[in-house]
Every structure is written in C-alpha cells, then in structure tokens.
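Q: Pasting a predicted model and its sequence here:
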Amino acid sequence: MDNTVHERIRQDITDNNVVLFMKGSPVFPQCGFSAAVVQILSHLGVKFKGVDVLSDPGVRQGIKEFSNWPTIPQLYVKGEFVGGCDIIREMFETGELQQLFEGKGVPVRA
Amino acid sequence: MAMDAAMIERLIKESLPDAQVSIEDLRGDGDHYAAHVVSDAFRGKTRVQQHQMVYQALLGRMGNELHALALQTGAPED
C-alpha cells in the first residue's frame, strides 16, 4: 500500500467538496462511464474537481484500494465515497443525488 | 478479455446463495454486461456496500477480465 498516494487522495477529498476520480478530464472524458457522471454533475450545476487517473497510474491503482471499489469513475462528496457510475445514475434518476448534495450543503442548480 | 454470463452468475451465487441473478449481455460481445441481483443479504446495506459485496463475489475480476458490469442491487420486496 502506497501511503503517499493515499495521503494525496485524502488531501484531495478533504480540500474539495466534490471530487470525481475519472478517466480523462471533465472537458475531455476518455471513457463513457466517466462522461456520464460528468454530464450528471454538469446538469445539476455542481462544481467539482476532476482527477484524471489516466495521467497518474499511482492514483489509478490507489483510489481502487482506498475506496475498496474496482472501477473508475468514483465520486466523493465532502470526503465520503458516494459511488460509481451505476449508483450515481440511479441516485440521479430517483432524485436522491440532488438531496444528498443539498443535505451536505453543496449548491445545486434548481 | 471476455467472461461468460453463466460464470458471473455462478460466482455471485457462491457468495450469495439466495440471490436471484439476471444478467444481460448488453452488446453481445461477452464484455459488457448488466446484472440485476436481489438478495436478502443486502437488507439494511447501502448501495455502495451491496455493490462491494457483488464485487467481492467476483474475486477481483471486476475491472480486470470483466470490463463492464452495470449493477443494480436490492433486497427482495416484502
């Protein structure tokens, strides 16, 4: 286990309200699943930090261990792991995602 | 790398013997699946925990041999 990488991840999710670990950048996602989550967050008008795991192999492996989650993308809100693409999509469709952001004080476009 | 649907179902049922599993091969390429898993073991668990239980059942294949498995999980309705 690489503690430096885990420390960096911890720093990122502490310093930023909403962090998406993804393939590619928010402007140029390199994978359909990452793109789908970016689209949902943009639709909700939620500001987030995108971390491109493709440009950092340490984080790409490290985030999987950190979250005990085997796939990318991964969404963190206020330091808490919310889920991957399927869960985010499902929560968006049921309105739970909006509630989660509001409950945690993250501004969402009405 | 492909993995067949029967194998996915078998692995899930080895860990969650009561599970009802339905698997759809989304593109017919043996690489992009959607699975719906219903098990009593999911009761009281968050979605993240439920998915983690399925990933655990797949013994590290998810994200490796198995590229895409869209998951939907839940406990049986009473």
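A: Thanks, I have the structure now. Values in this document were obtained by computation on a predicted structure and should not be read as measured data.

Q: Next, the contact list for A:Val38, please.
A: Neighbour list for A:Val38: A:20, A:22, A:26, A:29, A:50 [criterion: Cβ atoms under 8 Å, 6 or more residues apart in numbering or on different chains]. Any C-beta I mention is one placed from the backbone N, CA and C, and that applies to glycine too.

Q: So which of those residues are in strands?
A: Assigned to strands by DSSP state E, the following of those qualify: A:20, A:22, A:50.

Q: how near is the second one to chain B?
A: So the one you mean is A:Met22. Per Cβ to the nearest Cβ, to the nearest Å, A:Met22 is found 14 Å from chain B.

Q: per-residue confidence at the residue nearest to that residue when sequence neighbours are not counted?
A: Nearest non-adjacent residue to A:Met22, counting by Cβ to Cβ, 6 or more residues apart in numbering or on different chains: A:Ser34, 3.8 Å away. pLDDT, A:Ser34: 96.

Q: repeat for B:Leu69
A: In the predicted model, B:Leu69 carries a pLDDT score of 89.

Q: Alpha carbons only: can I get the strand or helix carrying it in CSV?
A: If you go by DSSP states H and E, B:Leu69 is part of strand B:68-74. Taking C-alpha atoms only, strand B:68-74 is exported to CSV below (Å, rounded to 0.1, in the frame of the first residue of the first chain):
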residue,chain,number,x,y,z
ALA,B,68,-18.1,-3.5,-17.8
LEU,B,69,-20.8,-4.8,-15.4
ALA,B,70,-23.6,-2.4,-14.8
LEU,B,71,-25.0,-3.3,-11.4
GLN,B,72,-28.4,-3.0,-9.9
THR,B,73,-28.9,-4.5,-6.5
GLY,B,74,-31.6,-4.7,-3.9
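
Q: So what does the residue in chain B that chain A sits nearest to look like in phi/psi?
A: Nearest residue of chain B to chain A, counting by Cβ to the nearest Cβ: B:Gly63, 3.7 Å away. Taking degrees, to the nearest 10, you get phi 90, psi -10 for the backbone angles of B:Gly63.

Q: Find the nearest non-adjacent residue to it, please.
A: Residue nearest to B:Gly63 in three dimensions, not counting chain neighbours: A:Pro70, with 3.7 Å by Cβ to Cβ, 6+ apart.

Q: do the same with B:Leu66
A: For B:Leu66, ignoring the flanking residues on the chain, the nearest one in space by Cβ to Cβ, 6+ apart is B:Met3 at 5.1 Å.

Q: how about that neighbour, secondary structure?
A: Following DSSP: H, G, I helix; E, B strand; the rest coil, B:Met3 is assigned to coil.

Q: which residues sit in contact with it?
A: Counting by Cβ under 8 Å, 6+ apart, B:Met3 makes contact with B:30-31, B:61, B:65-66.
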